[in-house]
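Asks: sequence-free structure coming up:
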């Protein structure tokens, strides 16, 4: 039996295909303005016997395709446990939300904290700030690593933080230092969320922001933990969905 999981997120759509407990294919595409059409596009490229949907667009998939669904929290817990059986804490920073999940030794959700009400502490926040500083999102983390001292960023609201950044630039603040300060502000927010859930065992860092070197280094240093990073950190939820068949 070939099982698939589709994670229809606000920024990207992820598909993972598993056969006999092994990942045989995966793909990531932009969600775009028509998530239904793009979901059909990615699904048409693969053959599978059963599929489960997760992510923001899971109800759309349920309505349009009749797919069974699973919450993002359960999907990430399952996916993380599949990739790293010793994992007990999942940190996921995606395009529009961030999640901290405490996982049992059997891959069950024990507790979680989620920020999905604003872009603060998410990939979208990083994208906006990178653009404001004249960097691409791929350059942003690397440029922040070149800083000497992080600039102080007081607001996590995307609109107010952007105004702060513009003000700092107008006062001659170094762009690398501002970039580091922005990364540090996200780390402080994530650590606060972790404090409410509890940090246990091995820690997996998932989601698109896990590809950012500065975020990885700052988070590992702050937590005094070695972080487990999946080979493709964006498909953890899709893997978990496939395992939920």
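Replies: Noted; the coordinates are in hand. Just so it is clear, the model here is predicted, and its values are computed rather than measured.

Asks: Next up, the contacts around residue 135.
Replies: By CB atoms under 8 Å, 6 or more residues apart in numbering, the contact set of residue 135 is 143, 179. Placement of C-beta: from N, CA and C, glycine included.

Asks: same thing but at 6 Å, please
Replies: residue 143 (CB atoms under 6 Å, 6 or more residues apart in numbering).

Asks: That one should be in a strand, yeah?
Replies: No. Using DSSP: H, G, I helix; E, B strand; the rest coil, the assignment for residue 135 is coil, not a strand.

Asks: Look up phi and psi at it.
Replies: phi -110, psi 160 (degrees, to the nearest 10).

Asks: Ok, residue 38 next?
Replies: Dihedral angles (degrees, to the nearest 10) for residue 38: phi -70, psi -30.

Asks: Also residue 236?
Replies: Torsion angles at residue 236 (phi, psi; degrees, to the nearest 10) stand at phi -60, psi -40.

Asks: Count the neighbours of it for me.
Replies: Residue 236 has 32 neighbours, counted by other CB atoms under 10 Å.

Asks: list the helices and strands the longest helix seen in the chain packs on?
Replies: Looking across the chain with DSSP state H, the single longest helix is helix 175-197. The contact analysis (3 or more CB pairs under 6 Å, 6 or more residues apart in numbering; DSSP states H and E) places helix 175-197 against strand 98-103, strand 109-115, helix 123-133, helix 137-144, helix 213-223.

Asks: Buried residues in it, which are they?
Replies: 175-187, 189-191, 193-194, 197 (16 or more other CB atoms under 10 Å).

Asks: what about this structure, any weak spots by pLDDT?
Replies: Residues of the chain meeting the criterion pLDDT under 70: 116-119.

Asks: Show me the protein divided up by domain.
Replies: Listed by automatic domain parsing, the domain ranges of the chain are 1-84+232-245, 86-229.

Asks: deepest of those domains, which one?
Replies: Each of the domains of the chain was scored by mean neighbour count; the highest is domain 1-84+232-245, a mean of 20, by mean count of other CB atoms under 10 Å.

Asks: Endpoint to endpoint, it covers what distance?
Replies: Domain 1-84+232-245 stretches 11 Å from its first residue to its last (CA to CA, to the nearest Å).

Asks: Residue 169 is nearest to which of the helices and strands packed on helix 175-197?
Replies: Ranking the helices and strands packed on helix 175-197 by proximity to residue 169 (CB to CB) places helix 123-133 first, at 7.7 Å.

Asks: And the closest one, what does it pack against?
Replies: Packing partners of helix 123-133 (3+ CB pairs under 6 Å, 6+ apart): helix 137-144, helix 158-170, helix 175-197.

Asks: For the shortest one, name the packing helices and strands.
Replies: Under the contact criterion of 3+ CB pairs under 6 Å, 6+ apart, the helices and strands touching helix 137-144 comprise helix 123-133, helix 175-197, helix 213-223.

Asks: now those helices as TSV including distance to residue 39?
Replies: Shown next, in TSV, are the helices and strands packed on helix 137-144 (distance: least, CB to CB, whole Å):
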stretch	distance to residue 39
helix 123-133	20
helix 175-197	29
helix 213-223	28
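
Asks: List the residues that contact the residue in the chain sticking out farthest from the centre.
Replies: Centroid-distance maximum for the chain: residue 171 at 33.1 Å, with CA atoms, centre = their mean. Under the criterion of CB under 6 Å, 6+ apart, residue 171 has no neighbours.

Asks: Got phi/psi on it?
Replies: Phi and psi for residue 171, reported as degrees, to the nearest 10, are phi -100, psi 10.

Asks: Give me the distance between it and residue 165.
Replies: Going from residue 171 to residue 165 by CB to CB, to the nearest Å gives 11 Å.

Asks: Repeat that for residue 79.
Replies: Distance from residue 79 to residue 165, counting by CB to CB: 34 Å.

Asks: for residue 175, what are its contacts?
Replies: By CB under 6 Å, 6+ apart, the contact list for residue 175 reads residue 133.
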